[in-house]
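Enquirer: Predicted model, plus sequence, below.
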Amino acid sequence: MGEITALAQRIAAGELSAVGAAEEAIARIEQRDDEINAVVVRDFDRALESAREADRRRAAGDRGPMLGVPMTVKESYDVAGLPTTWGLTEHREFIAQRDARAVRRLKDAGAVILGKTNVPPSLADFLSVNPIYGATHNPHLHGRSSGGSSGGSAASLAAGYVTAEIGSDIGGSIRLPAGFCGVWGLKPTFGLVSREGHWLPGTDGGELPLSVAGPLARTPEDISLLLGIIADHPLPEPRRTDLAGARIAVIDRHPVGRIDSEVARVIDERCAAAEARGAHIDRSPTLPDLGALHRDYIKLLLTVLSRGAAPAGIDPVTLPAWFNLLDQQQRTVRAWERTLSDQYDAVLAPVFGTTAFPLDELTMERRTILIDGEETPCGEQLAWAGLATYPNLPSVSFPAGTGGDGLPIGLQLIGRRFAEPEIIAMAAQLAT
C-alpha cells in the first residue's frame, strides 16, 4: 500500500481529519522550508477550506482515492487564483483563472492543494533557481541541486512535506529531480497525460512534441495511483510484472553522456539484484544508434523550446525541415518499439552521471560537473534524458542507491509505449 492510500484510509476511517492532515503538512513546511525553499507559492488558507470541504464530503459518504490528502504541484501548472510564472520576471503578475486539467482531476479525486513548488526560468535547467523565488536546496544536503525543472516538486516530497506531486518532463525534468532527491518520478508515454493548463503564462497553445506531464511520489504504488487519476485513458494490462524471466538491456556507456564510478557501481548492484530475481541482463545490448538519437533529440528539443526562432546569424527552421524532424523522430519511435517488442522488456540506464551537484548561477552552456575528478560539460547529461524522451517512451526514475557523498542515486527503467504498469512493477523490484 502506498502512502497516499494509507493516509486516505486514515481520513476515511475518521482516525485523522482532512483538516488535521493539512495542518500537519503546513506545519512541516513552515518548520523546514525556509531552509529548503521548495514550496514557493503557499495557499494555506484556501487549502484549509478545501480540507474542511473534504471532511464534509467524507461525512456525506464520499470515498475519493485522495479525499483529504494534502499535496503540492509544480509552479508551472495553472491553479486558479495563484501565480504561474515559470520563474520569469515578466510573468510575475500573471494569475491563472482556471486549473490545469491534471490539477482538476486531482481535486476531483479529493486532493487538497497546499501550494506550488519551485522551478528554473522557462523550466530549462538541471537546478531550480530563478529571480522570483530564489534557489531550492536538496533536502539531503544544503547547497546541492534538487534537480530541475521539477526540483521543488522532488524536494517537497523528499523533505516529507507531502506524499504526492506532479511535474513535467522534456529533458529529464521529472526523472532527474527524483534521482537527485531519492524519490520516484514517472515520465509517461507521450500524450498519455494532458498538458492543458501547463503552458507558458498567458498562452493556450497546442501540445508540444516531446513534453509530458507526470507524477512524482515516494513509493511506486503512489506513482501508479496518481497516474491513474491524471491519465487521459486507461492503460493495457502489463505483459509482465515480475523480474523473473525479464529481458533487460543495460546502457551504462553512451557516446555523449558519461557517468562516474559511483553511478556505475549502483548500476552493477541493481543488475546483480535483478539477476538474483531471475532477470536476463544484457550489458552489451543491440540497440538503435544512441549517438544519432542524441543528435536528433537535441535538434528537435531546441526547435521546440525556441518555437523555431533561430539565433542571430542562423537560418530559421523551414516548414519542410520541421516535417523532416518529425519524420525522423517517428522512424526512431518505430525502431525502439521493435527493439522493445522483439528483444527486450525494458532498458535500465542512469538518469544523470553523478549525484546532485552544487548550486550555482551558471547557464547550462557554461556549467561543468566533475566526473571522477574530470570537468565535463553538464549539458551532455541530456543524453540520458533523451533515451526515453525522443522515442516517446515511458520511463520511471527510482531510488537505486547512495553515492560516497551520502546523496541519492536514481536510475531509470524505460519500457514500451503505454507499458507504465509494467515498468513501475519491475522498478519496484529493482529498487529493493
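Expert: Looks like it came in fine.
Enquirer: Could you name the helices and strands sitting against whichever helix in the chain runs longest?
Expert: Across the chain, the longest stretch assigned as helix under DSSP state H is helix 319-342. If contacts are counted by 3 or more C-beta pairs under 8 Å, 6 or more residues apart in numbering; DSSP states H and E, helix 319-342 sits against helix 290-306. In this view, the C-beta of every residue, glycine as well, is placed from N, C-alpha and C.
Enquirer: Strands of the stretch 201-350 of the chain, residue ranges please.
Expert: 212-217, 247-250, 280-282, 346-350 (DSSP state E, counting those that start in this stretch).
Enquirer: give me the number of residues near the residue nearest to I298 when sequence neighbours are not counted?
Expert: The shortest distance from I298 to any non-neighbouring residue, by C-beta to C-beta, 6 or more residues apart in numbering, is to L382 (6.9 Å). Using other C-beta atoms under 10 Å, L382 is surrounded by 21 other residues.
Enquirer: Quick check: pLDDT value at A309.
Expert: A309 carries a pLDDT value of 81.
Enquirer: could you redo the strands of the stretch 201-350 of the chain as JSON lines and give each row mean pLDDT, distance to F190 and mean neighbour count?
Expert: Below are those laid out as JSON lines (pLDDT from 0 to 100; distance: least, C-beta to C-beta, whole Å; neighbours: other C-beta atoms under 10 Å):
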{"stretch": "strand 212-217", "mean pLDDT": "98", "distance to F190": "6", "mean neighbour count": "28"}
{"stretch": "strand 247-250", "mean pLDDT": "98", "distance to F190": "21", "mean neighbour count": "20"}
{"stretch": "strand 280-282", "mean pLDDT": "98", "distance to F190": "26", "mean neighbour count": "16"}
{"stretch": "strand 346-350", "mean pLDDT": "98", "distance to F190": "17", "mean neighbour count": "27"}
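Enquirer: now the ones you listed as a markdown table including distance to L106?
Expert: Shown next, in a markdown table, are those (distance: least, C-beta to C-beta, whole Å):
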| stretch | distance to L106 |
| --- | --- |
| strand 212-217 | 10 |
| strand 247-250 | 32 |
| strand 280-282 | 37 |
| strand 346-350 | 28 |
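Enquirer: Those strands: which one's closest to R270?
Expert: strand 346-350 (6.9 Å; C-beta to C-beta).
Enquirer: what's the following helix or strand after that closest one?
Expert: Sequence-wise, the next helix or strand downstream of strand 346-350 (DSSP states H and E) is strand 368-371.
Enquirer: Pull up the pairing partners for that next one, direction included.
Expert: Here strand 368-371 has these sheet partners by DSSP bridges: strand 374-377 (antiparallel).
Enquirer: Mind checking what helix or strand follows the partner strand in sequence?
Expert: helix 382-389.
Enquirer: quick one: secondary structure of the closest residue to S150 other than its chain neighbours?
Expert: Residue nearest to S150 in three dimensions, not counting chain neighbours: G167, with 3.0 Å by C-beta to C-beta, 6+ apart. Under DSSP: H, G, I helix; E, B strand; the rest coil, G167 falls in the strand class.
Enquirer: what is G167 paired to in the beta sheet?
Expert: Counting by DSSP bridges, G167 is bridged to G214.
Enquirer: you'd agree it is up against P177?
Expert: Yes: using C-beta atoms under 8 Å, G167 and P177 qualify as a contacting pair, with a distance of 7.1 Å.
Enquirer: can you list residues touching both of the two?
Expert: S149, S150, S153, A154, G185, L216 (C-beta atoms under 8 Å, 6 or more residues apart in numbering).
Enquirer: quick check, nearest of those to G313?
Expert: Ranked by distance to G313 (C-beta to C-beta), these are led by S149 at 28.4 Å.
Enquirer: what's the burial count for that closest one?
Expert: S149: 33 neighbours (other C-beta under 10 Å).
Enquirer: what is the rounded mean pLDDT of the strand or helix carrying E422?
Expert: Per DSSP H and E: E422 is located in helix 420-430. For helix 420-430, the mean per-residue pLDDT is 97.
Enquirer: residues in contact with stretch 403-411?
Expert: Here stretch 403-411 makes contact (C-beta under 8 Å, 6+ apart) with 138, 140-141, 144, 175-176, 178-182, 262-263, 266-267, 270, 348-352, 354-356, 397-402, 430.
Enquirer: Give the buried residues for it.
Expert: For stretch 403-411, the neighbour count (16 or more other C-beta atoms under 10 Å) marks G403, L407, P408, I409, G410, L411 as buried.
Enquirer: go on, stretch 48-65?
Expert: For stretch 48-65, the neighbour count (16+ other C-beta under 10 Å) marks L48, S50, A51, R52, A54, D55, R57, R58, G64, P65 as buried.
Enquirer: Using TSV, lay out these together with pLDDT, secondary structure and distance to A27.
Expert: Listed next are the buried residues of stretch 48-65 as TSV, based on pLDDT from 0 to 100; DSSP: H, G, I helix; E, B strand; the rest coil; distance: C-beta to C-beta, whole Å:
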residue	pLDDT	secondary structure	distance to A27
L48	98	helix	12
S50	98	helix	17
A51	98	helix	13
R52	98	helix	17
A54	98	helix	18
D55	98	helix	18
R57	95	helix	23
R58	96	helix	22
G64	93	coil	24
P65	97	coil	25
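Enquirer: ok, those vs D125, which is closest?
Expert: Set against D125, the nearest of those by C-beta to C-beta is S50 (31.7 Å).
Enquirer: right, and that closest one touches V112 too?
Expert: Yes: between S50 and V112 there is a contact under C-beta under 8 Å: 4.7 Å.
Enquirer: Now the common contact residues for the two.
Expert: Joint contacts of S50 and V112 (C-beta under 8 Å, 6+ apart) are A22.
Enquirer: what about the residue nearest to S150, distance to G228?
Expert: Counting by C-beta to C-beta, to the nearest Å, the separation of G167 from G228 is 17 Å.
Enquirer: neighbour-wise, which of the two wins?
Expert: Neighbour count, other C-beta under 10 Å: between G167 and G228, G167 has more, with 32 against 16.
Enquirer: who's in contact with that one?
Expert: 74, 149-150, 153-154, 173-174, 177, 185, 213-216.
Enquirer: Repeat the analysis, applying 6 Å as the threshold.
Expert: Residues counted as contacts of G167 (C-beta atoms under 6 Å, 6 or more residues apart in numbering) are K74, S150, S153, I174, L216.
Enquirer: of those residues, buried ones?
Expert: Buried among those by 16+ other C-beta under 10 Å: K74, S150, S153, I174, L216.
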